[in-house]
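Student: here you go, sequence then predicted model.
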Amino acid sequence: MDDWLKDSTEVEASWVTVDLAIFTIRSGQLMVLLIERGVEPFLGRPALPGGYVQKNETLREGALRELREEAGIDGNKLHLEQLGAYGDPRRDPRGRVVTIAYLALGPDLPAPVGGTDARRAYWAPVSQLEGKQAALAFDHPAILAEALEQVRSKLEYTAVATAFCGELLTLSELRTVYEVIWGQQLDPSNFRRKVLNTTGFVKPTGDQRFPPTGRPAALYRRGDAWLLNPPLLRGAGHTV
């Protein structure tokens, strides 16, 4: 270590944590996973799940472990990507803590089970948190807001919507993902045309799903494309 760094009063030890913004759709609502903190600071306050990265694990391994320990969810089955780094020196009253936030998405995820320093874990409707995020601990309101906008934006130009669906999906289920996350109704015929005209977005299986009532629906799988060309733009003529 350089002598100037060792003797500097401007540099101090920092800790690294991971936090997770985990979204799913349950009962027709966009949900985010929250925990109730069982330790100080912010005892009893809701927060995104997360914790310290251990010395022999990668950031991703830390995120997967925290998800398993604090909520009982296997993150290997989720779409998981790094959202960003948050390092305001005042974000944690315990000292200088830099957190790496992850975005995780999955289809109709099960009820979580709290553990370690979480009193409980639960799904909260995003609609009840928007504009009221101040109740969350640390700087989690900002992380949640940026994660939500990331999801809404990525729906436009990537196939990330399929992460909210099962292996087999109908176009109606896919449209519901867009409607729930964007908060706007889409014209079914227009949406179907745009999806099927986007090369590699979905591919037909040749099978159908037969609902209790109504017509059978064609089943699809996620296609090979990740980037959508042309993109499906919010407010660009799909709304009813």
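Tutor: Structure's in. What do you need? Since the structure is predicted, the reported quantities are computational estimates derived from the model, not experimental observations. Numbering: from 1, shown residues only.

Student: all contacts plus neighbour counts: C-alpha atoms, from now on.
Tutor: Fine.

Student: all helices for this structure, in order.
Tutor: 3-6, 59-71, 140-157, 171-182, 188-196 (DSSP state H).

Student: any idea how far the third one is from the chain center?
Tutor: Meaning helix 140-157. 8 Å (CA atoms, centre = their mean, to the nearest Å).

Student: can I assume residue 227 is in contact with residue 158?
Tutor: Yes. In terms of CA atoms under 8 Å, residue 227 counts as a neighbour of residue 158; the distance is 4.4 Å.

Student: for stretch 110-123, buried residues please.
Tutor: The neighbour-count check on stretch 110-123 (16 or more other CA atoms under 10 Å) flags 112-115, 117-123 as buried.

Student: and the two most separated of these?
Tutor: 117 and 123 (17.3 Å; CA to CA).

Student: so what's residue 183 scoring on pLDDT?
Tutor: Here, the pLDDT recorded for residue 183 equals 95.

Student: count of neighbours near it?
Tutor: 14 (other CA atoms under 10 Å).

Student: where does this structure dip in pLDDT?
Tutor: By pLDDT under 70, the low-scoring segments of the chain are 1-9, 115-116, 132-134, 236-240.

Student: go with 80
Tutor: 1-12, 113-119, 131-134, 235-240 (pLDDT under 80).

Student: quick one: the strands in it, in order.
Tutor: 15-26, 29-37, 46-47, 50-52, 79-86, 97-105, 118-125, 202-209, 217-222 (DSSP state E).

Student: which of these sits most buried?
Tutor: strand 46-47 (a mean of 25; mean count of other CA atoms under 10 Å).

Student: tell me which strands that one pairs with, and in which orientation.
Tutor: Applying DSSP bridges, strand 46-47 is found paired with strand 29-37 (antiparallel).

Student: quick one, the partner strand and strand 97-105 angle?
Tutor: 150 degrees (axes from the mean of the first three to the mean of the last three CA atoms, to 10 degrees).

Student: could I have strand 29-37 exported to PDB, CA atoms only?
Tutor: The C-alpha coordinates for strand 29-37 follow below in PDB (Å, rounded to 0.1, in the frame of the first residue of the first chain):
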ATOM      1  CA  GLN A  29     -50.300  -6.700  -9.500                       C
ATOM      2  CA  LEU A  30     -46.700  -5.900  -9.700                       C
ATOM      3  CA  MET A  31     -45.100  -6.900  -6.400                       C
ATOM      4  CA  VAL A  32     -41.700  -6.100  -4.900                       C
ATOM      5  CA  LEU A  33     -40.100  -8.300  -2.200                       C
ATOM      6  CA  LEU A  34     -39.600  -6.500   1.200                       C
ATOM      7  CA  ILE A  35     -38.300  -7.600   4.500                       C
ATOM      8  CA  GLU A  36     -39.000  -6.200   8.000                       C
ATOM      9  CA  ARG A  37     -35.600  -5.500   9.600                       C
END
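
Student: next, count neighbours for residue 170.
Tutor: Neighbours of residue 170 (other CA under 10 Å): 19.

Student: just residue 68 next, same as before
Tutor: 19.

Student: that one and residue 75 touch, don't they?
Tutor: Yes. Residue 68 is within contact range of residue 75, at 7.2 Å (criterion: CA under 8 Å).

Student: having no further points to raise, I will conclude here.
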